[in-house]
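Visitor: After the sequence you'll find the predicted model.
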Amino acid sequence: MAKKKNSSAREIDLTSFTFVQTCGGCHPGGGPAEYDRNGRRYDKFAADPANGIVPGGANGFDGDYFRARWAETGVLEADCLMCHMPGYNYEVRKKQIKALNFKWAATAGAGFALVKGTVKNGEAPNINEIKSIMKNHNGKPYIPGSSLKGAIVSSFYWERLLKKSPPSRNNFPIALYDAYY
C-alpha cells in the first residue's frame, strides 16, 4: 500500500482507491475502502472544498487521495450481504465497481435496485426500479437482516401468545412463516 506522505508519483504504488478498483469485487468493503488513515471518510473529506482535493489529481502525493475520485465514486462501505444473502449477485457488484460506482455497488449486488449511469463515463449514477419485495433463493418473499426479521417475528409471537393462538399460515405473515417453518 502506498505511504501516506510521498514526494513524487514514483513513490506511489497501490492506493486505497486502486485497491477498491482491483480488489473491491471480492473485498466486502469498509476499512481502507471507506476511511483514510486519519479516520475520515474519503468521499466526505474529498467533497469538502476546504480540503483542496481535486478528483483524479495528484493531491500533494497523498497516498490516500492521489489520483482518487472519492467525491464522485463514493466509498465502498462494508457489505455484509455479500456473504449473508442467498442469491447475491457478485458479477453485478463487480460491474458497478469497474464503472467506478463504488457507492452503489452493494445496492446493485443485493438486487435492491437497478443503477443507471457510470462515474467512469462522466455520468451521475442514479437508482431506478427499486425492488419492493426481495425474494430468497426459492423465489419466496424475504426480509433481509436478522434484527429486523427477528423484531417482526417476536412481535407476532407476542401477539399470538397473548391471544393464545400459535402461529400458522393463516395468522402469521406467510413470508415470515415460510422463512421460519
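Guide: That came through fine. Every value quoted in this text rests on a predicted model; they were computed, and no experiment measured them. Numbers count the residues shown, from 1 in each chain.
Visitor: Where do the strands of this protein begin and end?
Guide: Taking DSSP state E as the test, the strands found in the chain are 114-116, 126-128, 134-135, 141-142.
Visitor: And the ones you listed, which one averages the lowest pLDDT?
Guide: Among those, strand 141-142 carries the lowest mean pLDDT, at a mean of 62.
Visitor: and the residue positioned nearest the centre of the chain, what does it touch?
Guide: Nearest to the mean C-alpha position of the chain, counting by Cα atoms, centre = their mean, stands Ala106 at 3.3 Å. With contact taken as Cβ atoms under 8 Å, 6 or more residues apart in numbering, Ala106 is in contact with 29, 76-77, 79, 81-82, 93. All C-beta atoms are positioned from the backbone trio N, CA, C, and that covers glycine.
Visitor: same thing but at 7 Å, please
Guide: Contact analysis of Ala106 by Cβ atoms under 7 Å, 6 or more residues apart in numbering lists 77, 79, 81.
Visitor: Okay, the first one and Gly63: tell me how far apart.
Guide: Read it as Glu77. For Glu77, the distance to Gly63 (Cβ to Cβ, to the nearest Å) stands at 21 Å.
Visitor: out of the two, which sits in the busier spot?
Guide: Gly63 (22 against 17; other Cβ atoms under 10 Å).
Visitor: just checking, the more buried one touches Thr15?
Guide: Yes - using Cβ atoms under 7 Å, Gly63 is in contact with Thr15, at 5.8 Å.
Visitor: Can you check which residues contact both of these two?
Guide: Ala2.
Visitor: neighbours around Asn121, how many?
Guide: By other Cβ under 10 Å, neighbour count at Asn121 equals 8.
Visitor: same thing with Asp13?
Guide: Other residues within reach of Asp13, judged by other Cβ under 10 Å, total 11.
Visitor: Skipping adjacent residues, who's closest to it in space?
Guide: The spatial neighbour of Asp13 that comes closest, neighbours along the chain excluded (Cβ to Cβ, 6 or more residues apart in numbering), is Ala2 at 5.6 Å.
Visitor: for that neighbour, phi and psi?
Guide: Dihedral pair for Ala2: phi -60, psi 140, per degrees, to the nearest 10.
Visitor: All the helices of the protein, residue numbers only.
Guide: 16-23, 42-47, 70-73, 81-84, 90-98, 105-110, 146-162, 174-180 (DSSP state H).
Visitor: Could you tell me the least trusted of the ones you listed?
Guide: Across the helices of the chain, helix 174-180 gives the lowest mean pLDDT, at a mean of 48.
Visitor: Surely Glu77 is in contact with Gly29?
Guide: Yes - if you go by Cβ under 7 Å, Glu77 and Gly29 touch, sitting 5.3 Å apart.
Visitor: Contact partners for Ala71?
Guide: Ala71 is in contact with 43, 46-47, 53, 55, counting by Cβ under 7 Å, 6+ apart.
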